[in-house]
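1. Sequence plus predicted model, see below.
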Amino acid sequence: MSEAPAEHGLLFTAGDEGLATGYLELAVDAEGAIRVGRRTPDAVVVRTGRIDPAMLKRVLSALRKARPGLAPDDPALESAAPGGRRLAAFGVLPAGDSVWDDGTAAPLPGVGNALQTLAAQILEPSAGGRLPSALIALDQPDPTPAEPNARPAAAIGTVAGRAAYALAEPGLGFGLVALDDAEPLGGSDTDAGVLPTAVALGSAGGRELFAVGGEDGAVQVWDATTGALLHGTAGGEGAQSVAAGSVQGVPLVFSAGREGEVQAWHAEDGRALGLLPVAGHGAAALCHARCADLDLVAAAGDDGLVRVWDAATGEQLHLLVGHTDRVTVLAVLTIGNQALLASAGLDSTIRLWDLATGQNIAELTGHSGTVTGLAFLTGDADPLLASCALDGTIRTWDVYTGSAVHGWPSERRWLTGLAVATAVGRPALVTGDEKGSLTFWDPATGASLGECAPAETGFPVNALAAGDLHGRPVLAAGYGDGSLRLWDATLRTELRVTEPDGGPVTSVAFCHAADRPLVVCGTATGAVRCLDPRDGVTLSVPTPHTGAVTGLAFAEPAEDGGALLVSAGTDGTVRVRDALTGSPLLRLAADPRGVTALAVGPVGTRRTVATGGVDGVVRLWDAEDGRPGAVLTGLGGPVEALAFGVLGDRQVVVAGSADGGVLLWDAHDGTRAAELVGGDAAVRSMVFQNLDGEALLAAGDQRATLRLWHVASGTLLNEAGLDRVPLAIAFGDAGLHVVGPGGATTL
């Protein structure tokens, strides 16, 4: 994995390439471009991007002040023990090239810990981030594994009343085929733009349904008989940036990631309403505006362009050109039927735009670092624009003249967010910073009015928004540890804190739906969280999986509910939707390392979801309210297949693992019910069936072996080699149907 270091830059390594414990490498060039790689016995992950100049400047400043390292050709480096940490600087220090190694007399200076933290935060976006998210911009949304996630997937069901199967194969698309005579019943080819990774067949409302999950996280559902597309989520990165507003009286939320399009959805029930195109470039900043009786949405990102749409029609009205680098923040001032848009980012400049004409009316210069916060101040006097940046300063500007009014430094060097909160009858500026504090400022004098911070500090404020709760001014702050905290802006006390879910919070917005306040936030992994700030109750959102879909299953209608579609993905989440309409119902954070197996079945009178992960643990969840159930342990490898069944008078869950193990548990209390001894190859499919009062289990493995057990006694009844890996199995009148790559066979 190692490459020759650049002539000018830094190279941090930890571990040894020859060790089985793993190897980490972080390369940073003199312009801030980064490359992070990690090798483990199981995989290689590489991510690229860049860090903000403020981060590079701090690192180089610390190295200049540190104890000198060794020359690159010093013999002590050759004798250093393998597996330690090493930092090399080439062409970026006045004293010349230098190397620090923990195994020598020149150990790494303290800034080495910051570089190790940077590498870990880039490689594990779902973990807490101690560096502000504004410092890191990645070229790709997710780690790139050494091998693709896609592998064949199959399901057996009915289409137009006929027994049929669905088969998806990498590079070949997906299709529906009749089981009795192999007649094609529909599907896609390689030009369909779908990279299928999971399929399912089911029914709802008298219609037979076919679902496909993709490599990009999308889930689509068709009428299996007519081929009509009923609903689906667009694939993409998910949402790291959010905005909210009322459009023609309807509360809407807008969300976007660094790739894909901007998505609009209904704030009250999570219904997806469409996409606003950004040519797949994504957006790092979003905002809603009202101008000349039009509801507008503005989005900006890595390409430095600002796009403005009519939110009601989706028509793009303006393409605002002027910034020379990534735009990170937007703000809007509405005065009567006019509106001004402020935009800023890595080029350290702030631009003001007339949203009626799209004209650039001012360029504000003065910051020496990336601008991370913008907010308008209105009152009796002329309106002002306030800004903060990674240079550690807060500035105010006259909106009409474009001139600087005031500016002052903060004790915090990295300011990461800005809002205006009206408390005790007068507006105050509030900044968030790298240490997790909120500081209140008098905008007229720059005097500090006090601050507040969580009891447990150490994680930065990544996002900040102001709103009101029952007439009380409040602040919503998103932190690097993934928590979202609501603060009383007058008393500066914490009102509510929500637990992390989806990685560090990167964006926050307030919205009002049917007189109910909502707080929406995007996260580092692309998950969107929407909650009622009064009680912290989480609401459903329609965002797609942010990784490949690993499992799909339909749940039959219940007495008090319709049929469900359940999906799981490598992003570690499970999504539950109405099978017929696609309306989002639940989002479960099942396993941050990814869900590897999924099944849905009854436990008592409740529909239940079973998920499996790489740790070999099976977890149960109520499919209707998301409550966690039993946690089932004992497998010797990652969970590869799951099924529900009935053994005597007990409802059971059965799981097959990557090492060939097959275990059964009581679905109510999680006690071990049975262990079935078979082969040592990964179990790829299973089906549980009761015939004449006897429970049978059929399972197929990666070596194309099919086994049939009598479950109560644990007796292996039959074992047969096949000509294909069994991806789906079903008992039928004619025998045992097996679907694998290339088609189906009946035993």
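-> Okay, I see it.

2. does Trp441 have beta-bridge partners, and which?
-> Trp441 forms beta bridges with Leu429, Ser448, as assigned by DSSP bridges.

3. Just to check, it is in contact with Arg395?
-> No: proximity of Trp441 to Arg395 does not meet the contact threshold set by CB atoms under 8 Å, at 11.2 Å. Heads up, the C-betas are built off the backbone N, CA and C, glycines and all.

4. for Asn690, phi and psi?
-> phi -100, psi 120 (degrees, to the nearest 10).

5. ok, it to Gly648 distance?
-> Counting by CB to CB, to the nearest Å, the gap from Asn690 to Gly648 is 10 Å.

6. Show me which residues of stretch 695-709 are buried.
-> Using 16 or more other CB atoms under 10 Å as the test for burial, stretch 695-709 gives 695-701, 704-709.

7. swap in stretch 598-609?
-> By neighbour count on 16+ other CB under 10 Å, the buried set for stretch 598-609 is 598-603, 607-609.

8. State whether Tyr479 and Thr457 are indeed in contact, as I suppose.
-> No: under the criterion of CB under 8 Å, Tyr479 makes no contact with Thr457, lying 9.7 Å away.

9. joint contacts of these two?
-> Common contact partners of Tyr479 and Thr457 (CB atoms under 8 Å, 6 or more residues apart in numbering): Gly436.

10. Trp408 in helix, strand or coil?
-> Here Trp408 takes the strand state, with states given by DSSP: H, G, I helix; E, B strand; the rest coil.

11. sorry, back to before: looking at Asn690 and Gly648, which has the bigger crowd around it?
-> Just comparing Asn690 and Gly648: by other CB atoms under 10 Å the higher neighbour count belongs to Asn690, 14 against 11.

12. Find the nearest non-adjacent residue to that one, please.
-> Spatial nearest neighbour of Asn690, excluding adjacent residues (CB to CB, 6 or more residues apart in numbering): Val646 at 6.1 Å.

13. Okay, and the one you found sits in which element?
-> Val646 is part of strand 639-647 when elements are defined by DSSP states H and E.

14. neighbouring strands for that strand, and are they parallel or not?
-> Using DSSP bridges, the strands paired with strand 639-647 are strand 650-657 (antiparallel).

15. Please pull up the helix or strand immediately following the partner strand.
-> Using DSSP H and E, the helix or strand that follows strand 650-657 in sequence is strand 662-666.

16. by how many degrees do that next one and strand 639-647 diverge?
-> If you take axes from the mean of the first three to the mean of the last three CA atoms, to 10 degrees, strand 662-666 sits at 50 degrees to strand 639-647.

17. Check the average confidence over the helix or strand just after strand 662-666, would you?
-> Note on strand 662-666: by DSSP H and E, the next helix or strand toward the C-terminus is strand 672-676. Averaging pLDDT along strand 672-676 gives 93.

18. Okay, buried residues for strand 672-676 please.
-> Across strand 672-676, burial judged by 16+ other CB under 10 Å covers 673-674, 676.

19. any idea how far the helix or strand bottoming out on mean pLDDT in the chain is from the chain center?
-> Least confident helix or strand, the chain: strand 538-539 with a mean of 78, by mean pLDDT, DSSP states H and E. Taking CA atoms, centre = their mean, to the nearest Å, the mean C-alpha location of strand 538-539 is offset from the chain mean by 17 Å.

20. now do stretch 726-736
-> Its chain's C-alpha centre and that of stretch 726-736 lie 37 Å apart, by CA atoms, centre = their mean.

21. returning to what we had before: now render the buried residues of strand 672-676 as JSON lines, adding distance to Leu484.
-> As requested, these are exported to JSON lines (distance: CB to CB, whole Å):
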{"residue": "Ala673", "distance to Leu484": "41"}
{"residue": "Ala674", "distance to Leu484": "44"}
{"residue": "Leu676", "distance to Leu484": "45"}
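
22. Just name the closest of those residues to Gly96, please.
-> Closest approach to Gly96 among these (CB to CB): Leu676, at 66.0 Å.

23. that older thread, from the buried residues of stretch 598-609, which ones fall inside helices?
-> If you go by DSSP state H, those have nothing in helices.

24. Please tell me I have it right and the residue nearest to Asn690 contacts Leu664.
-> No: look at Val646 against Leu664 with CB under 8 Å: they stay out of range, at 11.1 Å.
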